[in-house]
Structure formats: structure tokens, C-alpha cells
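Peer 1: model this:
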Amino acid sequence: MMTSKQEISWFLPIFCVWLLVLGAPAAAQVNGYTTLNVKGRVQIEVPDNWTINDAEHRKRVKEFGEKLTGIQTQHTASLSVQSYPVPSRMFVRVSFIPQTPPISQTEVRQEVQANRQQVLKDLAETWKEESPVMWAGLAKNGIKEVGRASVAVEPLGGQTALVIRYGRTSSVNSSETMKVAQYHVPLGAEKALITLSYIDGDQGAMAAHDRLKNSIVIR
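Peer 2: From the prediction side, this is the model:
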């Protein structure tokens with residue numbers, strides 16, 4: 001069983017803010033998919049005509065999110081991809097966050113097997129405590145929560161993930177809802193945070209989301 005200290009490091013930070021308003025260079029229009037390998041730990045396939053944002057862009061997104069919410073984040077995304085052409089309808093982020101003490105997949109699975117409901121309760125309570133700060137920051141830019149957040153424990157890419165799902169209004173069109181899912185995957189000394197976002201009701205974006213999610217492999 002995990003100690004309380006382990007549980008805290010597992011759950012925090014549970015959210016990050018990704019607003020897709022910063023510009024990015026256009027990618028060539030080519031059919032097919034490209035396999036990306038992120039730090040040798042997360043493999044994912046994305047359409048060839050999507051935009052893969054460079055390190056400078058990822059840094060600007062991090063700084064923008066901190067300015068927006070007043071919250072300092074512990075990481076810059078290792079991978080940031082968005083559908084093209086703009087306005088983008090789907091976004092992918094992969095980050096790696098240190099865990100102290102380390103938490104292995106074996107420990108995660110044992111904890112979930114022993115007390116799944118308590119794991120979900122702790123995750124939901126942590127989100128309830130922390131998310132108001134995020135929503136307050138987003139509200140300053142006219143972005144609102146849509147519906148209620150949910151939590152789950154699900155397999156992803158061959159590993160066990162803690163999942164937080166929520167909806168918010170799009171930063172491009174307030175009449176549209178952006179569906180966001182954060183997958184927290186403990187991997188020992190660090191956890192992978194994989195965030196998938198898409199415009200609700202957009203059939204193309206939803207299909208791309210499903211294919212992309214199914215392509216993920218986590219080591």
C-alpha cells in the first residue's frame with residue numbers, strides 16, 4: 001500500500017492549463033501518420049499534416065499559462081502537437097513530472113486493486129481542492145467550465161493511468177466545448193502526463209482523437 005507521502009506525490013500537480021492561442025508554423029499537407037517517440041517512454045502516432053510545436057513554442061505556452069492562472073508549473077511539455085489547419089480542433093501534450101518518492105506501475109496497480117474507490121475519491125477531492133484556482137484564471141479570459149469533471153482509472157498504452165476529464169469553452173469560439181482528458185501515468189522516478197483535447201461534436205476531431213489514443217504505447 002502507498003504511504004500518504006506517496007499519494008501526495010502521485011496526485012500533485014493534477015492539472016495544467018493548455019490554451020492553444022499561440023501561433024505555430026504550418027506543416028506540409030501530407031497524408032499518412034508519423035510515429036513520435038518522446039524520451040523513449042511514450043510512443044504516439046500523429047497525422048503527417050499536423051503541427052509539431054518546437055521547444056520555444058512550448059516554453060511560451062508554459063509561461064502564458066503561468067501568467068494566466070498565477071500558478072507556477074513544474075514542467076514544460078516534451079511534446080506539443082495540434083491539428084492543422086488552424087483553428088486547430090485537437091491538441092496533444094506529453095510531459096514528464098518528477099515523483100518523490102518514486103512510484104512504480106506495480107505499486108499503482110496494487111493500490112488500485114486493494115482500494116480502487118479510495119484512489120478515485122482521493123483524486124476527485126484533490127481536483128476539487130485545486131481546480132478552482134485554474135478556473136478563476138481561465139475566467140479572466142472568458143473561458144468557463146462546461147459540465148462536471150469526472151475521474152477514472154483506465155489502461156493507456158499498456159500501463160495504468162489516473163484520468164481526469166473535464167469540459168471548457170473553447171478559447172477560439174465560446175459556443176464550442178473543448179473536451180479535455182489528462183492521463184497521469186506513474187513510471188517510477190517520474191510520471192507521464194498525457195493531455196488529449198478536442199472540440200466536442202467535431203466528427204473529424206473525435207475520430208482523430210480515438211485513433212491517436214489507440215496508438216499510444218508507454219514504456
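Peer 1: Next one: residue 179 relative to residue 91, how far apart?
Peer 2: Distance, residue 179 to residue 91, using CB to CB, to the nearest Å: 11 Å. Glycine gets a C-beta too; all of them are placed from N, C-alpha and C.
Peer 1: what's the answer for residue 116, then?
Peer 2: Noted for residue 116: a distance of 30 Å to residue 91, by CB to CB.
Peer 1: Just the CA atoms of the helix or strand where residue 146 lies, as PDB, please.
Peer 2: Element membership for residue 146, per DSSP states H and E: strand 145-156. The C-alpha coordinates for strand 145-156 follow below in PDB (Å, rounded to 0.1, in the frame of the first residue of the first chain):
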ATOM      1  CA  GLU A 145     -16.200  25.200 -17.200                       C
ATOM      2  CA  VAL A 146     -18.700  23.100 -19.000                       C
ATOM      3  CA  GLY A 147     -20.400  20.200 -17.100                       C
ATOM      4  CA  ARG A 148     -18.700  18.400 -14.300                       C
ATOM      5  CA  ALA A 149     -15.300  16.800 -14.100                       C
ATOM      6  CA  SER A 150     -15.000  13.100 -13.700                       C
ATOM      7  CA  VAL A 151     -12.200  10.800 -12.600                       C
ATOM      8  CA  ALA A 152     -11.300   7.200 -13.600                       C
ATOM      9  CA  VAL A 153      -8.600   4.600 -13.500                       C
ATOM     10  CA  GLU A 154      -8.000   3.200 -17.000                       C
ATOM     11  CA  PRO A 155      -5.400   1.400 -19.100                       C
ATOM     12  CA  LEU A 156      -3.500   3.500 -21.500                       C
END
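Peer 1: Measure how far it is from the centre of its chain, please.
Peer 2: Distance, stretch centre to chain centre, for strand 145-156: 11 Å (CA atoms, centre = their mean, to the nearest Å).
Peer 1: Give me the more crowded residue out of residue 116 and residue 91.
Peer 2: residue 91 (23 against 11; other CB atoms under 10 Å).
Peer 1: Skip the chain neighbours and tell me the closest residue to that one.
Peer 2: Nearest non-adjacent residue to residue 91, counting by CB to CB, 6 or more residues apart in numbering: residue 197, 4.4 Å away.
Peer 1: And the pLDDT for that neighbour?
Peer 2: pLDDT, residue 197: 95.
Peer 1: neighbours around it, how many?
Peer 2: By other CB under 10 Å, the residues close to residue 197 number 23.
Peer 1: Who is it paired with across the strands?
Peer 2: residue 91, residue 180 (DSSP bridges).
Peer 1: Residue 93 versus that one, what's the distance?
Peer 2: From residue 197 across to residue 93, the span is 8 Å (CB to CB).
Peer 1: Quickly find the element holding residue 210.
Peer 2: Following DSSP H and E, one finds residue 210 within helix 203-215.
Peer 1: Show me what that helix packs onto, helices and strands only.
Peer 2: strand 42-47, strand 90-103, strand 188-199 (3 or more CB pairs under 8 Å, 6 or more residues apart in numbering; DSSP states H and E).
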